[in-house]
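>>> no letters, just coordinates:
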């Protein structure tokens, strides 16, 4: 493990926030959905799609981002991704129709996917095994703390200003991340001029399907994330429109779930000192 890099607080902090780009973006924008739906003269069902289109961008952006970062290095891809995230966030804030909003959210998701993939690739470059698991757990703790605050901040921004302000705040966060990347991260992989990168990808996918534990891990993540995203997508309509809670209260209610994730990450970090990742995963799934 490269202790020089992994031990730098700024390094780990920036990686944590890059990993949390998606969570912050989703959670801070949720309180804005009812106001956005009203001003853009659309339906709640269409408004809730800002989560789905964002996640579609994340899903489609991860594979190209990973391939490019392996080929030309981590930093150029990371700068490009965060820049796309920031520009798309600004477009979300000034959208005049739900169609523009959804397209902007899609590209915002593509930009966020780069932060997710490359930050974890950097961890893989400098650590392995339990060292990598501990570093990832620290990153999870960092980015979980941010989503705990994001819905609260988003709720108060909507209350004090209007529904557009959380999107401006998200774009500002992207700009700050560009600065954080420039100050806190360094290149961990040299460019590779390999003409057979697609063949390597196919071989890697084939190897993945031969490794039963990898398939099990992906299935667990899919099931957990699927249920979690279903809850997130309908939370604003349920809490604000159906239950009648004020927008300011939405952030506090939603943050309770993020607090549970933070506690779980802290416990997981301790358990990794005594148990293997697969043992802990099995207990968590049960």
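Happy to help now that I have it. Keep in mind it's a predicted model, so treat the numbers as computed, not measured. Numbers count the residues shown, from 1 in each chain.

>>> now for residue 12, how many residues are close by?
Neighbour count of residue 12, defined by other CB atoms under 10 Å: 19. In this view, the C-beta of every residue, glycine as well, is placed from N, C-alpha and C.

>>> I'd like the numbering to begin with 341 instead of 1 from here.
OK, 341 is where the count begins now, so the last one is residue 352.

>>> just give the nearest non-adjacent residue to it, would you?
residue 478 (5.8 Å; CB to CB, 6 or more residues apart in numbering).

>>> where along the chain do the helices fall?
343-346, 349-359, 361-369, 373-379, 384-387, 389-412, 414-433, 438-466, 469-500, 505-524, 537-550, 552-576, 587-611, 617-625 (DSSP state H).

>>> tell me the mean pLDDT for the second one?
If I follow you right, that is helix 349-359. For helix 349-359, the mean pLDDT works out to 82.

>>> go on, the first one?
Average pLDDT, helix 343-346: 48.

>>> can you report phi and psi for residue 380?
phi -90, psi 0 (degrees, to the nearest 10).

>>> isn't it up against residue 440?
No. Under the criterion of CB atoms under 8 Å, residue 380 is not in contact with residue 440, lying 9.1 Å apart.

>>> if you count what's nearby, which of those two comes out ahead?
residue 380 (18 against 14).

>>> lowest average confidence, helix or strand, in the protein?
helix 343-346 (a mean of 48; mean pLDDT, DSSP states H and E).

>>> rewinding a little: pretty sure the residue nearest to residue 352 is touching residue 351, no?
No. Using CB under 8 Å, residue 478 is not in contact with residue 351; the gap is 10.8 Å.

>>> what residue ranges in the stretch 491-626 of the chain score low on pLDDT?
In the predicted model, the stretch 491-626 of the chain carries pLDDT under 70 at residues 532-538, 568-569, 571-577, 598, 617-618, 621-626.

>>> average pLDDT across stretch 378-391?
90.

>>> and that stretch, which residues are buried?
Under the neighbour-count criterion of 16 or more other CB atoms under 10 Å, stretch 378-391 has 380, 382, 384, 387, 388, 389, 390, 391 buried.

>>> just put these in CSV and tack on distance to residue 364.
Formatted as CSV, the buried residues of stretch 378-391 follow (distance: CB to CB, whole Å):
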residue, distance to residue 364
380, 23
382, 24
384, 23
387, 19
388, 18
389, 19
390, 14
391, 13
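
>>> what is the nearest of those to residue 425?
Distance to residue 425 across the buried residues of stretch 378-391 (CB to CB) is lowest for residue 390, with 14.7 Å.

>>> what separates the spatially closest residue to that closest one that is not a sequence neighbour from residue 452, distance-wise?
Using CB to CB, 6+ apart and skipping the chain neighbours, the partner closest in space to residue 390 is residue 445 (4.9 Å). Separation of residue 445 from residue 452 (CB to CB, to the nearest Å) stands at 10 Å.

>>> which neighbours do these two share?
394, 397 (CB atoms under 8 Å, 6 or more residues apart in numbering).

>>> which one of the two is surrounded by more residues?
residue 452 (33 against 28).

>>> run through the residues that contact the residue nearest to that one when sequence neighbours are not counted.
Leaving aside its sequence neighbours, residue 452 sits nearest to residue 361 (CB to CB, 6+ apart; 4.2 Å). Contacts for residue 361 (CB under 8 Å, 6+ apart) come out as 422, 425, 451, 452, 455, 456, 514, 517.

>>> out of those, what pair is the most spread apart?
456 and 514 (13.8 Å).

>>> of these two, who's got more company?
Neighbour totals were compared for residue 456 and residue 514, and residue 514 leads with 26 against 22 (other CB under 10 Å).

>>> ok, now how distant is the more buried one from residue 387?
Taking CB to CB, one finds residue 514 at 22 Å from residue 387.

>>> repeat for residue 494
From residue 494 to residue 387 the distance is 14 Å (CB to CB).
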